[in-house]
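Enquirer: Give the three-dimensional model of this entry:
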Amino acid sequence: MDEVRIDVWLWAVRQAKTRSQATAAVRAGHVRINDEPVKAATKVKVGDVVRYRVDGFDRILQVRQLLKKRVGAPVAAEAYENLTPERPKVFVPVARRDPGMGRPTKRERRELDRLFGRDPNAGRRR
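Expert: Have a look, this model is predicted:
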């Protein structure tokens, strides 16, 4: 066995929960092999680099081993090398009010709108 379908491989190495989800991801254009768009029946070989977009971020996997059947997580982890760079750490400030302070005043609401980059005139009547 020197080639396996990409949708089967993604499912076998536990990157997709079901084979149909893997096929849908490939059809939606979320999977590339060696930076080329692919179809679900495209064959993957040892040494190929697979980019799989999940939650807006790419997982970059280099194929080490070909699998046709779904296996346990430790065995699946040995079938690829994870080349994915670390996700950026994003700090989102959370606006908190002291208990019993009530609703924000008009001034506080405008300051919050400016902080979050919202349009201050979005809900206004004219």
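Enquirer: Adjacent strands (with direction) for whichever strand or helix holds residue 51?
Expert: If you go by DSSP states H and E, residue 51 is part of strand 49-54. Note on strand 49-54: by DSSP bridges, its sheet partners are strand 31-33 (antiparallel), strand 57-63 (antiparallel).
Enquirer: Where do the helices of the chain begin and end?
Expert: Across the chain, reading from the start of the chain, the helices by DSSP state H fall at 6-12, 19-27, 73-77, 106-116.
Enquirer: average pLDDT across the second one?
Expert: Right, the one you point to is helix 19-27. The average pLDDT within helix 19-27 is 95.
Enquirer: do the last one as well
Expert: Rounded to a whole number, the mean pLDDT of helix 106-116 is 87.
Enquirer: Please compute how far that helix lies from its chain's middle.
Expert: 32 Å (Cα atoms, centre = their mean, to the nearest Å).
Enquirer: so what's the spatially most central residue of the chain up against?
Expert: Among the residues of the chain, the one closest to the centroid is residue 54, at 1.9 Å (Cα atoms, centre = their mean). Contact criterion Cβ atoms under 8 Å, 6 or more residues apart in numbering gives 15, 30 as the residues in contact with residue 54. C-beta: built from backbone N, CA, C; applies to glycine.
Enquirer: The closest residue to residue 37 other than its chain neighbours: neighbour count?
Expert: With Cβ to Cβ, 6 or more residues apart in numbering as the criterion, residue 37 has its nearest non-adjacent residue at 6.2 Å, and that residue is residue 29. Here the number of neighbours of residue 29 (other Cβ atoms under 10 Å) works out to 10.
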